[in-house]
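[1] Next input, structure requested:
(4 chains)
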Number of protein chains: 2
Amino acid sequence: MPEQLKKLFPSFSKELIQDIIANQVIKNFSSGEIIMRTGEYIKNTVLITKGTIKVYREDIDGGEFFMYYLQSGQACALSMVCAINNEKSQIMAKVDEDAELIMVPLPLMDKWMMQHRTWYEFVIGSYRNRFEEVLEVIDSIAFRAMDERLEFYLKRQVEACGCKELKLSHQEIGSDLNTSREVISRLLKKMEQRGLVKLQRNQIEILM
Amino acid sequence: MPEQLKKLFPSFSKELIQDIIANQVIKNFSSGEIIMRTGEYIKNTVLITKGTIKVYREDIDGGEFFMYYLQSGQACALSMVCAINNEKSQIMAKVDEDAELIMVPLPLMDKWMMQHRTWYEFVIGSYRNRFEEVLEVIDSIAFRAMDERLEFYLKRQVEACGCKELKLSHQEIGSDLNTSREVISRLLKKMEQRGLVKLQRNQIEILM
DNA sequence: TTTCAAAAGTGACAAAAGTTACCGAACATC
DNA sequence: GATGTTCGGTAACTTTTGTCACTTTTGAAA
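    Numbering: from 1, shown residues only, chains lettered A, B, ... in the order given. Sure thing, here's the model as predicted:
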């Protein structure tokens, strides 16, 4: 167990890992489950040890907008900072691939900031990385048209799953980008004609 | 000076304020000046003591997208977190109303995180607030059409300047929202017809 | 094999946003 | 007061995106 944690979170000190193991609560979730809803109180900081999680921003009238993936070795940045003031979640998090999470209770998370330099650096680093990722998302929607946004989206999916065959329906992509299936179909067809992708049912092969 | 700081940053402890005063470098900027460019190295954490600053995300091909205001009593969240790892700036910051800034050198900023609980809480709080503001910006561009985005933009301007007469040209609004002047003129006219604003040259009176 | 549902293709149209081009009003300054 | 500049108004048009309606394809289950 300590070796496993050390592998996933190589920057953590021995003492921090011991503290985590002594206090951890591990939870398992399977694909499709929602682990955090918009407006819910955050009671834990979440470390991901297995699987992938998709993080969304939700609209009042039902829209979902995909922001970023969380993967093993990462943490939910928002849960770390909101945690301190007992804030409500501003995001919705859905399990993509079956996931295993370490739940760190708030007061501990706060205490460790002062006790463990490596935890402090991890938290600050997570926050910065996430902020930067969100800024890139802003770029894509503020400066780019739907065709480029789709390309950006597909590239991130490839990065996240580590493979070039994406198991995604046009409908799913449409809701992630907050547009309609028809628009995605149209744009994907054009991309296929340009030789950038190969389309099959429920699968998109990325040739870029 | 200590009283002034105490007023602007009421949460800061006496010791922290003393530390700030002992180490501060104050800089003044006038309207229109750019205090930070995209890609520049961040060497200081910035506290705002006077004036207002507009923070932008920049596009490769020259576009600017307005994200949020920084005002007296606030700090540049990104400069605080990027600072630690000697990162490049991801944003561009332009002075709106003449500003006075306290520049805190990086190493100090980092040291204070451990020494001063009130500094630690201020930094984390700034970061959370800014993240939440950016999420709202994402909402507006991901879920809303230009007319609603314009309303959202105007409301934030009113909040920032504290008055209902905005000194803004249509051109300026257009570039802040990364659209054209014509589109803004068109939408503002419609808003005027609905009785939401009153238009004059270089001024928009908000009636909402 | 038949049946059904989900996924994808597509044409036609509507609405929103971007572009071009030109005009006139307001303001500064010489 | 003449002149030039910035700002704003607006019509006409194009492109992009969203929507509707309907069909075909594909895979899974009965």
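
[2] Which strand residues bridge A:E205?
    A:E165, A:K198 (DSSP bridges).

[3] any idea how far A:L196 is from chain B?
    20 Å (CB to the nearest CB, to the nearest Å). No exception for glycine: its C-beta is placed from N, CA and C like everyone else's.

[4] next one: A:F131
    6 Å.

[5] Which residue, other than its chain neighbours, is closest to that residue?
    Distance criterion CB to CB, 6 or more residues apart in numbering or on different chains; nearest residue to A:F131, sequence neighbours excluded, is B:F131 at 6.4 Å.

[6] what about A:S126, how many neighbours?
    21 (other CB atoms under 10 Å in any protein chain shown).

[7] A:T52 versus A:Y41, what's the distance?
    24 Å (CB to CB, to the nearest Å).

[8] Please apply the same query to A:E151.
    21 Å.

[9] Quickly check: stretch A:199-208 near DNA strand D or not.
    Yes - between stretch A:199-208 and DNA strand D, judged by CB under 7 Å from any atom of the strand, the touching residues are A:R201.

[10] How about stretch A:60-73?
    No - figure legend: stretch A:60-73 not in contact with DNA strand D (CB under 7 Å from any atom of the strand); closest approach 10.5 Å.

[11] for that stretch, what is the average pLDDT?
    The average pLDDT within stretch A:60-73 is 93.

[12] Whether that stretch contacts chain B - can you check?
    Yes - counting by CB under 8 Å from any CB of the partner chain, contacts between stretch A:60-73 and chain B involve A:G63, A:F65, A:M67.

[13] Partner strands of the host helix or strand of the last one, with direction?
    Element membership for A:M67, per DSSP states H and E: strand A:64-71. Each strand paired with strand A:64-71, and its direction, by DSSP bridges: strand A:44-58 (antiparallel).

[14] okay, the strand it pairs with in PDB with CA atoms only?
    Presented in PDB, the C-alpha positions along strand A:44-58 are these (Å, rounded to 0.1, in the frame of the first residue of the first chain):
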ATOM      1  CA  ASN A  44     -13.500  15.600   1.800                       C
ATOM      2  CA  THR A  45     -10.500  16.200  -0.300                       C
ATOM      3  CA  VAL A  46     -10.400  13.600  -3.000                       C
ATOM      4  CA  LEU A  47      -7.300  11.800  -4.300                       C
ATOM      5  CA  ILE A  48      -7.700   9.600  -7.300                       C
ATOM      6  CA  THR A  49      -5.900   6.200  -7.200                       C
ATOM      7  CA  LYS A  50      -7.700   4.400 -10.000                       C
ATOM      8  CA  GLY A  51      -9.800   5.300 -13.000                       C
ATOM      9  CA  THR A  52     -10.800   8.500 -14.600                       C
ATOM     10  CA  ILE A  53     -13.400  11.200 -13.700                       C
ATOM     11  CA  LYS A  54     -15.000  13.800 -15.900                       C
ATOM     12  CA  VAL A  55     -15.600  17.200 -14.400                       C
ATOM     13  CA  TYR A  56     -18.500  19.300 -15.600                       C
ATOM     14  CA  ARG A  57     -19.900  22.800 -15.100                       C
ATOM     15  CA  GLU A  58     -23.700  22.600 -15.000                       C
END
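
[15] That strand: how far from the chain's middle?
    5 Å (CA atoms, centre = their mean, to the nearest Å).

[16] Report the buried residues of that strand.
    A:44-58 (16 or more other CB atoms under 10 Å in any protein chain shown).

[17] So A:D61 lies in a helix, does it not?
    No - per DSSP: H, G, I helix; E, B strand; the rest coil, A:D61 lies outside any helix segment and is coil.

[18] So which residues make contact with the helix or strand bottoming out on mean pLDDT in chain A?
    In chain A, no helix or strand scores lower on mean pLDDT, DSSP states H and E than helix A:77-84, which sits at a mean of 75. For helix A:77-84, the external contacting residues (CB atoms under 8 Å, 6 or more residues apart in numbering or on different chains) are A:36, A:42, A:44-46, A:88-91, A:106, A:109-110, A:123, A:126-127, A:129-131, B:121, B:124, B:127-128, B:131.
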